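> Structural data only, the sequence is not supplied:
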Ligand code: ADP
Ligand code: MG
């Protein structure tokens with residue numbers, strides 16, 4: 001097929017190396033060669049459109065701007081044809097043989113630095129995307145005719161070795177036709193279903209129609225590039241489903257078109273449901289990043305803070321270079337601005353959701369609340385905006401969580417702090433002796449059960465001038481309340497209190513740091529408080545979960561001198577049963593704090609106490 005005037009040229013040395021790498025490796029994602037060829041075709045069509053606008057002399061001015069794919073499994077060929085700008089002989093030599101932009105060197109350098117990483121991830125970024133065709137091809141023919149009326153058609157042929165051939169050719173139509181002769185092991189790609197999938201996966205939103213046979217296979221219109229108020233809800237919905245395969249309508253659809261400081265289009269979604277594994281950090285990077293409608297990253301991770309990994313969608317910017325690589329995402333100022341703008345917008349939408357439709361926000365919170373907590377802990381730059389979005393189950397709002405603002409609005413007179421208590425589950429905290437005084441004085445308490453809540457209260461610290469305070473604190477100073485008349489109830493005389501304290505100390509020995517009376521208990525006889533509250537105490541739960549052998553610092557046992565049980569104990573100075581009851585009270589308090597090493601050990605003693613109680617009762621009958 002080569003014309004008599006064909007000439008053979010050597011590829012430049014670095015291209016030979018590049019081809020060598022591509023030909024001699026088997027890559028699972030070799031299918032991206034088609035994305036590269038389509039992206040080139042799309043570029044060529046865009047440039048043709050520009051010429052048409054600025055230059056009167058274009059051949060075939062009325063031909064459709066399109067990309068066509070056709071294949072022949074028997075001949076093992078695929079052709080990619082476009083009606084774009086085309087190339088003349090000089091251009092084809094320059095573009096496909098010389099690489100004026102010397103991207104091959106940079107590409108191979110990057111490849112070396114990345115070690116074993118697949119070249120397909122970065123090949124499109126160095127101006128060498130065309131050569132990726134040699135991952136599947138044993139021979140490639142590029143037949144091209146420039147848009148300029150006087151240029152002759154040209155045929156470029158190469159088997160990907162060290163050289164290529166150029167010959168004059170015949171072609172009536174404007175544009176480029178690339179015929180790929182597939183290697184045997186790549187021929188499996190040559191079927192309608194696979195080719196269609198490759199196009200819709202990688203090139204669905206190319207702005208020109210891509211025909212596979214008679215049918216257009218790409219969506220073509222980039223929904224996100226349209227004016228938001230002109231897009232119908234149904235269109236967003238369909239797009240969301242195509243993108244995510246999620247049948248539930250999204251909670252939020254965020255369509256943003258901006259010109260400054262960075263030009264971009266974005267169409268983001270907050271799904272209705274938490275994707276399992278998302279908490280564990282999987283499925284991260286559900287953003288597709290397009291630069292000029294060409295997909296350059298389909299798991300862009302750096303355009304949103306990590307905790308926002310529930311957001312899915314598309315970001316497209318004219319300002320980004322197509323060769324943006326992972327490294328430059330972090331160092332690229334444009335990308336940073338983009339990230340900031342998009343992050344702010346998602347935050348604003350969440351704020352609006354929480355203010356305008358609290359019910360819907362609660363649903364969102366129950367799915368994604370943990371990620372917002374994670375953000376509060378890890379993302380200091382957005383912490384101030386996250387704090388009002390946090391929701392907490394409280395003593396007074398057990399079923400419908402509330403915000404810190406609402407907590408503050410409902411504080412009782414003279415209340416200075418925001419109180420919280422930890423527990424293994426909400427029902428268990430309700431039994432906590434620490435709640436006695438809060439109930440009596442009608443002070444609300446945040447009920448915290450997540451492991452990460454320990455970090456959370458520490459990250460919050462102070463909210464709107466109110467300090468977060470552990471309700472199990474030994475030196476709690478709560479506002480007095482007229483309704484709380486417990487203080488007037490009958491108590492033990494001081495002397496009796498002192499001898500009882502001595503006995504507790506004797507029985508418990510090293511296991512407690514101190515024993516003392518308290519007036520903060522009501523329903524409960526005893527409680528344990530940590531001598532040093534604050535972060536250390538908050539973190540004990542975490543340490544204990546992480547380390548089974550973690551030894552807890554000893555606590556202070558506080559006793560309630562108005563409680564019937566305590567008063568009874570005081571009245572049995574010589575009865576060994578009192579010692580056992582004291583042990584049991586102490587271990588019950590450990591259990592209550594969630595720090596009993598082995599609760600089952602309490603059973604034998606409990607049986608002994610029950611036996612003693614029943615014996616007495618039986619004796620007296
Ligand atoms: P890049 O697209 O990043 O420039 P490629 O290796 O993909 O790098 O392509 C090299 C060059 O070859 C392109 O810049 C373009 O000038 C030319 N080219 C490739 N395909 C076509 C095409 N279908 N029509 C016109 N020119 C093309
Ligand atoms: Mg390209």
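Alright, I've got the coordinates. None of the values given here were measured: they were computed from a predicted structure. Ligands and ions are numbered 1, 2, ... in the order given.
> Quick check: what element follows the worst-scoring helix or strand of the chain on mean pLDDT along the chain?
Across the helices and strands of the chain, mean confidence by mean pLDDT, DSSP states H and E is lowest for helix 326-331: a mean of 58. Next helix or strand after helix 326-331 toward the C-terminus (DSSP states H and E): helix 333-356.
> helices or strands next to that next one in the packing?
strand 252-258, strand 264-270, strand 312-317, helix 358-378, helix 383-386 (3 or more C-beta pairs under 8 Å, 6 or more residues apart in numbering; DSSP states H and E). Placement of C-beta: from N, CA and C, glycine included.
> quick check, distance from it to the centre of its chain.
The chain centroid and the centroid of helix 333-356 are separated by 15 Å under C-alpha atoms, centre = their mean, to the nearest Å.
> and if you look at stretch 227-244?
22 Å.
> Also stretch 445-458?
21 Å.
> Where does the stretch 151-300 of the chain get nearest to ligand 1, residue-wise?
Ranked by C-beta to the nearest ligand atom, the top residue of the stretch 151-300 of the chain for proximity to ligand 1 is residue 176, at 3.8 Å.
> was I right about residue 65 contacting residue 45?
Yes - with contact defined as C-beta atoms under 8 Å, residue 65 counts as touching residue 45 (4.9 Å).
> For the stretch 301-450 of the chain, list the residues in contact with ligand 2, please.
By C-beta under 5 Å from the ion, no residue of the stretch 301-450 of the chain approaches ligand 2.
> picking that back up, show the pLDDT at the residue of the stretch 151-300 of the chain closest to ligand 1.
If you check residue 176, the pLDDT there is 98.
> domains of the protein?
Following automatic domain parsing, one gets these domains for the chain: 7-216, 223-360, 486-620.
> now the ones you listed in JSON lines, with mean neighbour count and distance to residue 415?
Below are these laid out as JSON lines (neighbours: other C-beta atoms under 10 Å; distance: least, C-beta to C-beta, whole Å):
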{"stretch": "domain 7-216", "mean neighbour count": "18", "distance to residue 415": "55"}
{"stretch": "domain 223-360", "mean neighbour count": "17", "distance to residue 415": "24"}
{"stretch": "domain 486-620", "mean neighbour count": "15", "distance to residue 415": "15"}
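> Of these, which shows the lowest average pLDDT?
domain 223-360 (a mean of 83).
> End to end on it, go ahead and measure it.
26 Å (C-alpha to C-alpha, to the nearest Å).
> just how off-centre is that domain within its chain?
Distance, centroid of domain 223-360 to centroid of chain: 12 Å (C-alpha atoms, centre = their mean).
> measure the residue in the chain that ligand 2 sits nearest to to residue 186 for me?
Here the chain gets closest to ligand 2 at one residue, residue 129, 3.6 Å apart by C-beta to the ion. Between residue 129 and residue 186 the computed distance is 17 Å (C-beta to C-beta, to the nearest Å).
> ok, now residue 614?
84 Å.
> Residue 32 too?
13 Å.
> again with residue 519
82 Å.
> do the same with residue 76
Distance of residue 76 to residue 186, computed by C-beta to C-beta: 8 Å.
> cool, residue 107 as well?
Distance from residue 107 to residue 186, by C-beta to C-beta: 21 Å.
> go on, residue 319?
In terms of C-beta to C-beta, residue 319 sits 36 Å off from residue 186.
> do the same with residue 429
From residue 429 to residue 186 the distance is 62 Å (C-beta to C-beta).
> Would you mind listing what in the stretch 101-250 of the chain touches ligand 2?
So the stretch 101-250 of the chain meets ligand 2 at residue 129 (C-beta under 5 Å from the ion).
> Near ligand 1, which residues of the stretch 101-250 of the chain are found?
127-130, 176 (C-beta under 6 Å from any ligand atom).
> Looking at those, which are in strands?
residue 176 (DSSP state E).
> Dump the residues of the stretch 101-250 of the chain next to ligand 1 into TSV; add distance to residue 265 as well.
Converted to TSV, these look like this (distance: C-beta to C-beta, whole Å):
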residue	distance to residue 265
127	25
128	28
129	23
130	27
176	28
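> picking up where we left off before, kindly state which of the helices and strands packed on helix 333-356 is positioned closest to residue 166.
strand 312-317 (36.7 Å; C-beta to C-beta).
> Which elements pack onto that closest one?
helix 233-244, strand 264-270, strand 286-291, helix 333-356.
> so who does the residue nearest to residue 258 when sequence neighbours are not counted touch?
Spatial nearest neighbour of residue 258, chain neighbours left out: residue 264 (5.7 Å); criterion: C-beta to C-beta, 6 or more residues apart in numbering. Residues near residue 264 by C-beta atoms under 8 Å, 6 or more residues apart in numbering: 256-258, 315-319, 338, 341.
> Indicate whether stretch 42-60 makes contact with ligand 1.
Yes - counting by C-beta under 6 Å from any ligand atom, ligand 1 has neighbours in stretch 42-60: residue 44.
> Need phi/psi at the closest residue to the residue of the stretch 151-300 of the chain closest to ligand 1 other than its chain neighbours.
Distances taken as C-beta to C-beta, 6+ apart place residue 144 nearest to residue 176, at 4.2 Å, with adjacent residues excluded. As for residue 144, its main-chain torsions (degrees, to the nearest 10) stand at phi -140, psi 150.
> got it, and residue 230?
phi -90, psi -10.
> what's the answer for residue 232, then?
Dihedral angles (degrees, to the nearest 10) for residue 232: phi -90, psi 150.
> Tell me who's in contact with it.
Contacts of residue 232 (C-beta under 8 Å, 6+ apart): none.
> what do you get for residue 429?
Residue 429 touches 421-423, 435, 447, 449, counting by C-beta under 8 Å, 6+ apart.
> Kindly recompute the last result at 10 Å.
393, 395, 420-423, 435, 445-449, 471, 592, 594 (C-beta atoms under 10 Å, 6 or more residues apart in numbering).
> where's the dip in pLDDT among the residues you listed?
residue 594 (80).
> is it true that that one lies in a strand?
No - when classified by DSSP: H, G, I helix; E, B strand; the rest coil, residue 594 is found to be coil rather than part of a strand.
> where do the contact lists of residue 76 and residue 186 overlap?
With C-beta under 10 Å, 6+ apart, residue 76 and residue 186 have common neighbours 136-138, 180.
> In this structure residue 358 contacts residue 389, no?
No - taking contacts as C-beta atoms under 10 Å, residue 358 lies outside contact range of residue 389: 11.5 Å.
> Common neighbours of the two, please.
By C-beta under 10 Å, 6+ apart, the residues touching both residue 358 and residue 389 are 365, 403.
> that older thread, verify the contact between the residue nearest to residue 176 and residue 92 for me.
Yes - look at residue 144 against residue 92 with C-beta under 10 Å: they come within range, at 6.1 Å.
> Quick check: neighbours shared by those two?
86, 154-156, 176.
> In JSON lines: those, plus secondary structure and distance to residue 232.
Output for the shared contacts of residue 144 and residue 92, formatted as JSON lines (DSSP: H, G, I helix; E, B strand; the rest coil; distance: C-beta to C-beta, whole Å):
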{"residue": "86", "secondary structure": "coil", "distance to residue 232": "38"}
{"residue": "154", "secondary structure": "strand", "distance to residue 232": "47"}
{"residue": "155", "secondary structure": "strand", "distance to residue 232": "47"}
{"residue": "156", "secondary structure": "strand", "distance to residue 232": "46"}
{"residue": "176", "secondary structure": "strand", "distance to residue 232": "37"}
